[in-house]
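S.K.: When you get a sec, could you give me coordinates for this:
(2 chains)
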Amino acid sequence: MLVDFFFRLRTHQVPVSITELLTLLGAMEAGVCDFSVDDFYFLSRSALVKDERHYDRFDQAFSSWYEGQQNAFEAVVGEIPEEWLRKQAELLLTDEEKAQIESLGGFEKLMETLKERLKNQEKRHQGGNKMIGTAGRSPFGAYGYNPEGVRIGQDESRHRRAVKVWDKREYRNLDDTREIGTRNMKVALRRLRKFAREGAADQLDLDSTISSTARNAGYLDIKMVAEKRNAIKVLLFLDVGGSMDDHVRVCEELFSAARTEFKYLEYYYFHNFLYERVWKNNRRRHTERISTAEVLRTYGKDYRVIFVGDATMSPYEITYPGGSVEHMNEEPGAVWMSRLLEVFPHCVWLNPRAQTTWHYTPSIEITTQIMQDRMFPLTIEGLDAAMRQLLHSKA
Amino acid sequence: MSDTRFTGTDKYVATEDLMMAVNAAVTLGRPLLIKGEPGTGKTMLAEEVAAALGRDFIQWHIKSTTKAQQGLYEYDAVARLRDSQLGNDRVHDIGNYIVKGKLWEAFDSEQQPVLLIDEIDKADIEFPNDLLLELDRMEFFVYETQTTVKAKHRPIIIITSNNEKELPDAFLRRCFFHYIQFPDRETMTSIVDVHFPTLKKELLSAALESFFDLREVPGLKKKPSTSELLDWIKLLVAEDIPPEALNSDDPSKLIPPLHGALLKNEQDVHLFEKLVFMNRRNAR
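M.R.: Numbers count the residues shown, from 1 in each chain, chains lettered A, B, ... in the order given. You can find the predicted model right below:
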């Protein structure tokens, strides 16, 4: 049955492996969790998911799998005689509640209504947004012998809370990056890594110092080596909206995959061209704007700045005040761009449009001019050249 | 189950999912990887697990220059070179120049210890990969002396990460994982209760209200976390600030007193002051 769960996780793109499944089974065998769904949920999440970004996917997979398990359970439970349920109910109910049941037409009547409602319900009750089991809205939930509680025979408030945990999907906003699949991306990534790894020979290489000293008959012969560190800081500006969205997604994925290699990596979004405001959260782009001047103040000039955009627009959007298609900009985009270039000498522009078409579009030519020819196509070669430019351009 | 179940301590409030993760890791002898916002008690967890289970606590703090080898052992070649130049007899036994690392220390322990590998993401990206076999089999080989060091008891290993770098998959597969979610109001109240049992109820609810409001402010560079809240409350108590000062509707006092304990960054303070100012203007 867990095999089914395992594959369900994989269809939901939670990267689980067999090792992890075996760990989970081992933990269950060792008796880490008892027979509560809550505990099983926590245990399996801790054993199978290794990144909080996947928590949300896990929750969804768990929810759908659990629903299926419940249906299977139902087939068995359907045969439980009514007597049992009644006994159980009597155990759970207070006198006052029993009186209330009487006032609703007695237990038999109630069970009948319950059955009817169960039939009417299209899907299984779960979590609290459906008819039965909703605290307070249906008589069944209110009297506390909601079928879930009776059937599984455990503390039901515990149970309902657990259902909520994974149906609440509170980790949704952690799931912001997706993995890169294509081979092309891997190559690009390798180039990016190389870019991040270069450094000066400034560290004592103890091992080769010792061996060369030994070879030198005991006279000290010091060897130096480049320190392995991730010293590159990157500021990424991404053009969003319209035709750029696909390309931007690719770029985001690329850079977040290479994130481990950078000391810092910060994102900002803009639309068409750089103006006085940028934003970090695309969904709240109209409420949470950050002034470009602040960005310029915040980061030091050792940051490498990478723009990603097609730079395709009306030339007025770059050169004239008020040219922006989205808002009234007091100063032309070109002014903001040159301010940025002053602060950050290491800067490139990656353009996803094919390089052969660039000279047909005046705005690309203007941008290239402003960027002092540092515009590169978003291909492997272009990326390579851009990274080399970033590394070696003089400050 | 035996008596080795971790259920939090009188100084540490553990949520149910966290307890489950700790117990699973302890039972199976696998490392437990803990992530979460800074200041949500990741490091403290290991200390408290050790205290609760009555085990020795060994901490290995990782820096950007730490190499995996340093946790196993180091061969002090320079000392040996010096001794050989001075004609010291010690030089013939290479074992004299092997310095034990934290992991060796944990393996050597007579009783199952708790080993904290703190902030593993600070190290070079290859660091976790270099420890794969050691954490898996709980043994390693010392080349210089040609001996294998094997753990007497599989230590309880707790690893913390601040997410500055991603950890390799092969490493992750060997761990249990838990992400410490920022506590909700209810958990936060019990955390504060544990630390300040005598705190007045009104002050606590007023402080929590300001605190959660502050976390809602968009664009903060570093949102205040649990440890900052505890510091702040400590200050409020020390200064004897009345609860009314915290939730007053008087627009001129919108900035909470002693906010320096909560906002650690002058840009955040500026942003906050700006928002307060705008609020005030709107109120007029």
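
S.K.: Next one, pLDDT for residue A:326 please.
M.R.: pLDDT, residue A:326: 73.

S.K.: Repeat that for residue A:126.
M.R.: 43.

S.K.: likewise residue B:104?
M.R.: Residue B:104 is assigned 92 on the pLDDT scale.

S.K.: Which of the helices or strands spans it?
M.R.: For residue B:104, the host element (DSSP states H and E) is helix B:102-108.

S.K.: Can you list the helices and strands that that helix packs against?
M.R.: Helices and strands touching helix B:102-108, by 3 or more CB pairs under 8 Å, 6 or more residues apart in numbering or on different chains; DSSP states H and E, are strand B:57-61, helix B:68-72, strand B:114-118, strand B:139-142, strand B:147-150. No exception for glycine: its C-beta is placed from N, CA and C like everyone else's.

S.K.: and the second one, is it in reach of chain A?
M.R.: No - counting by CB under 8 Å from any CB of the partner chain, no contacts exist between helix B:68-72 and chain A, the nearest distance being 11.1 Å.

S.K.: related to what we said a few turns ago, so which of the helices and strands packed on helix B:102-108 is the most surrounded?
M.R.: strand B:114-118 (a mean of 25; mean count of other CB atoms under 10 Å in any protein chain shown).

S.K.: Quick one: mean pLDDT for the helix or strand harbouring residue B:46?
M.R.: Assessed by DSSP H and E, residue B:46 sits inside helix B:42-53. Here helix B:42-53 scores 88 as its mean pLDDT.

S.K.: Next, the angle strand B:114-118 makes with it.
M.R.: Orientation check (axes from the mean of the first three to the mean of the last three CA atoms, to 10 degrees): helix B:42-53 against strand B:114-118 gives 180 degrees.

S.K.: buried set for helix B:42-53?
M.R.: B:42, B:43, B:44, B:45, B:46, B:47, B:48, B:49, B:50, B:52, B:53 (16 or more other CB atoms under 10 Å in any protein chain shown).

S.K.: what's it in contact with?
M.R.: Residues outside helix B:42-53 that contact it (CB atoms under 8 Å, 6 or more residues apart in numbering or on different chains) are B:4, B:6-9, B:11-12, B:14, B:18, B:22, B:26, B:34-36, B:55-57, B:59, B:113-114, B:116, B:118, B:156, B:158, B:160, B:180.

S.K.: For residue 160, report the pLDDT, please.
M.R.: No chain specified, so I'll use chain A. For residue A:160, the predicted pLDDT is 34.

S.K.: please go with chain B instead
M.R.: Note for residue B:160: predicted pLDDT of 92.

S.K.: Against residue A:49, how distant is it?
M.R.: To residue A:49, residue B:160 is 17 Å away according to CB to CB, to the nearest Å.

S.K.: Repeat that for residue B:213.
M.R.: To residue A:49, residue B:213 is 32 Å away according to CB to CB.

S.K.: by contact count, what packs against the helix or strand hosting residue A:389?
M.R.: Assigned by DSSP H and E, residue A:389 belongs to helix A:380-392. Packed against helix A:380-392 by the contact rule (3+ CB pairs under 8 Å, 6+ apart) you find helix A:183-197, strand A:304-308, strand A:347-351, strand A:375-377.
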